[in-house]
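**Student:** Here's a sequence, model it:
(chains A and B)
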Amino acid sequence: MQRSRIIVLVVIFLMVSIVIGMRLYKLQIVEWREYAQRAANTHRSIMYSPGPRGKILDRNGTVLAQSVPMMRATFLLSELEQCRWVARRLRSLLGKDSEMYPWDEHVLWLSLEAIRETFRRQLKSGDVPASIVWLKNIDPMTSSRIAKALRSRPENFPGVDLGINDDGVGVLSLDPSLLFAGEVGVRRLSKWHPEYTADQLWEKVQTQYDKVRDDSDEDLTDKEDLAKARQRRDRIFRVKRHLLISDLNPDLVIEICMNPDRWPGIHLEEVDMREYPRNPMWGQLLGRTTLSNLKNQSDFKKNEEVLIDQMSLKDIRTVSAIQKDARHSADQVGQEGLESYLEDQLRGRPGAKIRIVDYRRKQVGLAGTMLEAIPGKDVSLTVDVEFSEYCVDLLRDEFQYNPPLDDGPASGAMVFLDVQSGEVIGLSPIPLQGVEVFADSSLYEERKNEQSAGWFLDRCLGWPIDPGSTFKPIVALIALSEGVLSPGETIDCQGYFDLKDRRANRCENHSRGPIGLEEALAKSCNVFFYKLGQRLGLEKLIAGAEDFGFWQATIESDWRNVDDGQSDGLPSEKYGQKPNSNPVGAAIGRGFIVTPIQMAKAAMILARRGDFSPVKMFQVSDSATKTTKGRGRPVLDNLKPDHFESVIQGMQEAVEYGSAKNSRLKDFNAAVKTGTVRVMKTVQGRTSSTEYKHAWMIGFAPADQPKVAFAIVLQNQEKSGGKIAPLVEDALDWLQVHRGMKFR
Amino acid sequence: MRIEVRDYLKSAFQGWIGTSGLILLTTLLLLWVGVVFVHSATVDSGMGFPGPYAVSQIKKIIVGIGALLAISTMSPRILERVTPIFFVGTMAVLSGMVVWKLIFGGVVRWIRLGPLQFQPSELAKISTVMILAMLLRGGLEQSRWKHVISILACGIAPFILIAAQPDLGTAMVLVPTVVAMVWVAQLGKRRLLLLFTAAIFLSGPLGYMLLKPYQVDRVYSFLGIGSVAAEDAGNHQVTQSIIALGSGGPAGKGLHQGSHHDLGYLFADHNDFIFAVIGEEWGLQGTILVILGFLLLIFSMLGVGWSSRDHFSRLLSVGIATQIFTQAVFNMAVTVGLLPVTGLPLPFVSYGGTSIVVSLMGVGLVIAVARNPIDENQLDGIRNRPSHL
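**Tutor:** Residues are numbered from 1 along each chain as shown, chains lettered A, B, ... in the order given. Reported below is the predicted structural model:
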């Protein structure tokens, strides 16, 4: 009984095997041609997509920089170029009779290239033949072999046809439109993109093809080097997608999507372009992005980051494992400004999906997105773009009525800080320069050569100049802190610092006689501060000024602590230059240079009565990483409240009866200090002053409970510091009306 | 001393002529095909034989052949004695893995012991066959219900433990194996019906509980009712497998010429889909050769069961043959698109460690039966029921 059941098992096993066998018969006998065709013409590849770069936003969410998707065309050489393989396959069919067929694979391929040349000329003339004779007098045996191969594997010989006469002698002919279909497609692209000629487009393919054909490294003796060289060529041929056109015409995108079989080897890829909706606003600050250059790629290697689309990965899981350290060659990489500074935050991580196309170039299967790209993080600035643009307009209007006296562009800056938080709320430099300069080579060259104009520098952060008398409140506080000036002390001003030399170090700002600190600030007495400079000496003056944040990075962020001793601050930021001699001149703001943002910061510290606060430009998402520094600064620590009140009173008096008396600033209860710097020029080794002036004003409002601190400067014009008060008034008005700030 | 050595050598070579030799030769043939195609699937044509994967496969085959030879010297009586220990040991390891998974989560299929790692579920397949052969050796026509229940328990316990790993493919191989062994063991019709009814009622909810979402997706994708993701995960692999296999045609593209799998369209080409590689490179002649090889092996094993006068030996042969056949058929059916993806390797051919060694151990068990026939004086039929049952 048991044995009979074993027989039943045998029968069942046999039947199951027969089912499998029948299925195999169907696949491998009945339908094998179809599958062979599909296998030969199916192309599988991993398509990588760059991770969208994060946005840069202002404090109200207005977009300053964003990525916008764009279609580009790339090509895969192995799908585009068939004739090399046709030559190789035919050579193997011609047999080993070197007398009858003395051509090796290379010669056959060269003959195909010659046909291609002819075909190109015919393409241009529009007279394309349906067939071109390639090889004649092929002996009957070889003809039969070739015929069999063409019958069994026609997909291996696109456009190749064999004619056999009565004697069995064969003639191989070619349909160039099929054999060179890839080239035809590439050349046809120029119809949609007239900015390229067909030859220019094909040249891009030819360049890569030449690299594959360059077998000079075959002489390498080291096996490993040889293998690497071959692998490199193979990658260029089979793996790497080469760029054809970076911004495709939408009509062409539709055409390629609808008729993929007409565009063999040409791929559509979605990539991101960087867009600056407010361009040129903050052009120098925001900087720009480009595709990764050689330096970037070298940096990627150092950081152990990989260009994922240049790797030969078969498995999506491998892509997933390295995604966080991966970049895409179509990634926009920050090159300058905040785009460069915030690269780690903004950059996304590439995604990947499997793409399989059939012999008609249509996608097969439902691959879908296998690994989503990870977008970069958005970064919000503290700056108000609307307010800043308004201030830019104020500066432009001002220069329209009072053009700069030199040949350069109108140049100025307005910086506003929130006294409570230390945030930069207004940042208005002119001239503005956006990314348009990088798209126009002649404009770029023109501006690059105008070194003195400094188009590429941000006037708020990266353009240090003499601060003039606006530095006096700082000197006063340093003097009080160091004890070289007593509260209520007066200094006699006779119009000259040195009575023996009346040509230098003069003071013409007020009537002569003893003068106290408050009045000296209000009327901007030079002699008073010359004396303080003399008493302090250069070393104390510099050390004190450094406690107010001069000559160092100003903007602090989550990502770089400006006080860590290692930070370089923002890329567009400059730190100025310390005075190296003459503390007397330095005490009235001459002989050294600082930036408007540094002056605004000093005004903010003054407004906070010495409570030091970092200046922030980035809205902090993780406040735990931030540390607001306490004082720990000797000069600030030594100062007493009445010291600040004396200085602030002097600045308020400047509004009431001093250097800014003809303004409406008293309506805002503002405390300001003006400064007028005569621009010096050096001719034949002699330095002399010019009629050009830099007009400065720093201050804060309202004086008792300050909300904003500011620094404004107009360069190379005829006005003095006191005359630029209307700009501050208009800006404060705007903040009252549009942002609800109360100054009165 | 000389006589002892001669006796030992004599006993070592005894019994290899005939079915045992045929089984061994067929197994070696399948192993060789496996090494050749593992090499072809894993390296470029320019690289000489054997490539790194082929070398690794050969090492595992050597270990497996060693196990086969060692087991083949054992008498069925010895095998019968060690069966309970072996079964309890493998069940304990599998239970430990399930507990580990419940505590720490994740997928637990492998155990690493120093440089070695193995898959206990593969061992459990053999131990299940051995314990069932032992339990069923007394026949079932006169069996009591508690006997039936113990058989059911020994069949279901490893199924649940393996499926919980989760390794449903391996667990599924146990079902036809148990059915075939129970069938050959002459279970009474009424009890057979009850056993199957109970199995069906149990397997429904169990299968629902044990099936992971990706396994459900594979079934849905096979049935063509799946989501895009399911289609992508399962059907795509089978589609590529069919293209590779079909494109081989009757004569194949030639060794190392299988461009479809070589260009990476087919995942796991050296493992679960090696049959497709054989089909692409050797064509129908290669796939039929492999099927014939398996049939020759299986029928030889069933022949050993047929000629065995001992029920344990007979059921052991039937169980091992069915298990190998089932696994091979499942693998081939997936490759040709008759079943959803199960993740089962092709025995002796696919690249793998534990699978190769355990399959060879199974062959060793059958050869042990063939080389150590039961005394002819003992009557064919049902032996006395063991005292502990």
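**Student:** Give me the residue at the spatial middle of the chain.
**Tutor:** Picking chain A for this. Nearest residue to the geometric centre of chain A (Cα atoms, centre = their mean): A:Thr289, 2.0 Å.
**Student:** Chain B was what I was after
**Tutor:** B:Ile324 (4.1 Å).
**Student:** Name the nearest residue to that one, sequence neighbours excluded.
**Tutor:** By the measure of Cβ to Cβ, 6 or more residues apart in numbering or on different chains, the closest residue to B:Ile324 outside its immediate chain neighbours is B:Pro347, 5.2 Å from it. (Each C-beta comes from the backbone N, C-alpha and C, glycine too.)
**Student:** check contacts around that neighbour.
**Tutor:** Neighbour list for B:Pro347: B:30, B:294, B:324, B:327-328, B:331, B:355, B:359 [criterion: Cβ atoms under 8 Å, 6 or more residues apart in numbering or on different chains].
**Student:** Now the residue of chain B found nearest chain A: closest residue in space that isn't a chain neighbour?
**Tutor:** Closest to chain A within chain B is B:Gly246: 2.8 Å, counting by Cβ to the nearest Cβ. Using Cβ to Cβ, 6+ apart and skipping the chain neighbours, the partner closest in space to B:Gly246 is A:Tyr35 (2.8 Å).
**Student:** That neighbour should be in a helix, yeah?
**Tutor:** Yes. Judged by DSSP: H, G, I helix; E, B strand; the rest coil, A:Tyr35 forms part of a helix.
**Student:** helix/strand/coil for the residue nearest to B:Ile324?
**Tutor:** B:Pro347 is classified as coil under three-state DSSP.
**Student:** what does A:Glu729 give?
**Tutor:** Classified using three-state DSSP, A:Glu729 is helix.
**Student:** Determine the number of other residues adjacent to the nearest residue to it once chain neighbours are set aside.
**Tutor:** For A:Glu729, ignoring the flanking residues on the chain, the nearest one in space by Cβ to Cβ, 6+ apart is A:Arg664 at 4.8 Å. A total of 16 residues lie near A:Arg664 under the criterion other Cβ atoms under 10 Å in any protein chain shown.
**Student:** Could you check how far A:Arg664 is from B:Leu152?
**Tutor:** Going from A:Arg664 to B:Leu152 by Cβ to Cβ, to the nearest Å gives 98 Å.
**Student:** what packs against the helix or strand containing A:Arg535?
**Tutor:** Applying DSSP states H and E as the criterion places A:Arg535 in helix A:526-547. Here helix A:526-547 touches helix A:472-482, strand A:490-493, helix A:517-523, helix A:583-586, helix A:634-638, going by 3 or more Cβ pairs under 8 Å, 6 or more residues apart in numbering or on different chains; DSSP states H and E.
**Student:** If we use 10 Å, what do you get?
**Tutor:** In terms of contacts (3 or more Cβ pairs under 10 Å, 6 or more residues apart in numbering or on different chains; DSSP states H and E), helix A:526-547 is packed against helix A:472-482, strand A:490-493, strand A:513-516, helix A:517-523, helix A:583-586, helix A:596-607, helix A:634-638.
**Student:** weakest of the ones you listed in terms of mean pLDDT?
**Tutor:** Note on the helices and strands packed on helix A:526-547: helix A:634-638 shows the lowest mean pLDDT, a mean of 83.
**Student:** now that helix, how far from the centre of its chain.
**Tutor:** 41 Å (Cα atoms, centre = their mean, to the nearest Å).
**Student:** Need the contact partners of that helix.
**Tutor:** Here helix A:634-638 makes contact (Cβ atoms under 10 Å, 6 or more residues apart in numbering or on different chains) with A:474, A:477-483, A:540, A:543-548, A:605, A:608-612, A:630-631.
**Student:** Please identify the buried residues of the very next helix or strand once past that helix?
**Tutor:** Using DSSP H and E, the helix or strand that follows helix A:634-638 in sequence is helix A:641-656. For helix A:641-656, a neighbour-count test (16 or more other Cβ atoms under 10 Å in any protein chain shown) marks A:643-644, A:646-655 as buried.
**Student:** Quick check: what element follows helix A:641-656 along the chain?
**Tutor:** With DSSP H and E, the next secondary element past helix A:641-656 is strand A:671-683.
**Student:** So B:Ile149: helix, strand or coil?
**Tutor:** B:Ile149 - assigned by three-state DSSP - is helix.
**Student:** tally of neighbours for it?
**Tutor:** 12.
**Student:** hmm, back to that, so who does the residue nearest to B:Gly246 touch?
**Tutor:** A:27-28, A:42, B:242-249, B:260, B:279-280.
**Student:** Strands along the stretch 51-200 of chain B, start to end?
**Tutor:** B:111-113, B:116-118 (DSSP state E, counting those that start in this stretch).
**Student:** Make a markdown table from those strands and add distance to chain A to it.
**Tutor:** Putting these into a markdown table (distance: least, Cβ to the nearest Cβ, whole Å) gives the following:
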| stretch | distance to chain A |
| --- | --- |
| strand B:111-113 | 21 |
| strand B:116-118 | 20 |
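**Student:** deepest of those, which one?
**Tutor:** strand B:116-118 (a mean of 13; mean count of other Cβ atoms under 10 Å in any protein chain shown).
**Student:** In ChimeraX, select just the buried ones from the contacts of helix A:634-638.
**Tutor:** In ChimeraX, selecting the buried portion of the contacts of helix A:634-638, with burial taken from 16+ other Cβ under 10 Å, looks like this:
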select /A:474,477,478,479,480,481,482,540,544,545,547,548,605,608,609,610,612
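**Student:** Show me the helices in the stretch 1-150 of chain B, by range?
**Tutor:** B:2-13, B:19-42, B:52-72, B:76-104, B:120-136, B:145-163 (DSSP state H, counting those that start in this stretch).
**Student:** domain ranges for chain A?
**Tutor:** A:36-62+A:278-380, A:385-739 (automatic domain parsing).
**Student:** export those to CSV and tack on distance to A:Leu90?
**Tutor:** Converted to CSV, these look like this (distance: least, Cβ to Cβ, whole Å):
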stretch, distance to A:Leu90
domain A:36-62+A:278-380, 16
domain A:385-739, 48
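**Student:** Just give me the lowest mean pLDDT stretch among these.
**Tutor:** The bottom spot among the domains of chain A, by mean pLDDT, belongs to domain A:36-62+A:278-380, with a mean of 81.
**Student:** So for stretch A:151-171, first residue to last residue, what's the gap.
**Tutor:** With Cα to Cα, to the nearest Å as the measure, the first residue of stretch A:151-171 is 15 Å from its last.
**Student:** Quick one: distance of that stretch to the chain centre.
**Tutor:** 56 Å.
**Student:** Report the buried residues of it.
**Tutor:** A:153-154, A:156-160, A:162, A:170-171.
**Student:** Spell out the residue ranges of the strands in the stretch 251-400 of chain A.
**Tutor:** A:266-275, A:288-291, A:306-307, A:326-327, A:332-336, A:351-357, A:379-380.
**Student:** what's the longest one packed up against?
**Tutor:** Meaning strand A:266-275. strand A:43-49, strand A:63-76, helix A:77-80, helix A:181-188, strand A:241-245, helix A:250-258, strand A:288-291, strand A:332-336.
**Student:** and B:Val98, which of those is closest to it?
**Tutor:** strand A:43-49 (36.7 Å; Cβ to Cβ).
**Student:** the inter-axis angle of whatever helix or strand A:Lys124 lives in versus helix A:181-188?
**Tutor:** Using DSSP H and E, the element containing A:Lys124 is helix A:105-125. Between helix A:105-125 and helix A:181-188, the angle comes out at 40 degrees (axes from the mean of the first three to the mean of the last three Cα atoms, to 10 degrees).
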